[in-house]
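Student: Sequence and predicted structure, then a few things I'm wondering about:
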Amino acid sequence: MRNAWTLFRVLTRADRPLALAWWTVLVLRGVLPPLFAVATGVVVAAVQHGGPLGPSLAAAGAVFILIQATVPPRGCMTS
């Protein structure tokens, strides 16, 4: 069995809310970078077409903050 599935099984048995938080952050870390690219494209389109910048900048900023918030702490990735 792969280590990821073993972790999922054990973590779910140990603490279900923690397992849910773990997998939520894991999915967010995969989804947020493409979402940020799309949000940046919306900002560029708003600038090119002279549209309002507020909503697109707010969305891009919110996605950027979420990306920064889901980065693992510096000491967690030591080998």
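Tutor: Right, received. Where do you want to start? Numbers count the residues shown, from 1 in each chain.

Student: Tell me which helix or strand in the protein has the weakest average pLDDT.
Tutor: Lowest by mean pLDDT, DSSP states H and E among the helices and strands of the chain is helix 3-14, with a mean of 80.

Student: Can you spell out which helices and strands pack onto that one?
Tutor: Helices and strands touching helix 3-14, by 3 or more C-beta pairs under 8 Å, 6 or more residues apart in numbering; DSSP states H and E, are helix 16-49. Heads up, the C-betas are built off the backbone N, CA and C, glycines and all.

Student: now the angle from the helix it packs on to helix 3-14?
Tutor: Angle between the axes of helix 16-49 and helix 3-14 is 120 degrees (criterion: axes from the mean of the first three to the mean of the last three C-alpha atoms, to 10 degrees).

Student: On the C-terminal side of helix 16-49, identify the next helix or strand.
Tutor: Later in the chain than helix 16-49, the nearest helix or strand by DSSP states H and E is helix 54-69.

Student: For that next one, give me every contacting residue.
Tutor: Residues from elsewhere that reach helix 54-69, judged by C-beta atoms under 8 Å, 6 or more residues apart in numbering: 28, 32-33, 35-36, 39-40, 42-43, 45-46.

Student: Which one (most neighbours) among those?
Tutor: Each of these was scored for neighbours by other C-beta atoms under 10 Å, and residue 39 scores highest at 20 neighbours.

Student: Contact partners for that one?
Tutor: Residue 39 sits in contact with 56, 59-60, 63, where contact means C-beta under 8 Å, 6+ apart.

Student: Next, the residue lying farthest from the centre of the chain: phi, psi?
Tutor: Here the chain reaches farthest from its C-alpha mean at residue 50, the gap being 29.4 Å by C-alpha atoms, centre = their mean. Main-chain dihedrals, residue 50, degrees, to the nearest 10: phi 70, psi 20.

Student: now, which of the contacts of residue 39 sits nearest residue 11?
Tutor: Nearest to residue 11 among those, counting by C-beta to C-beta, is residue 63 at 27.0 Å.
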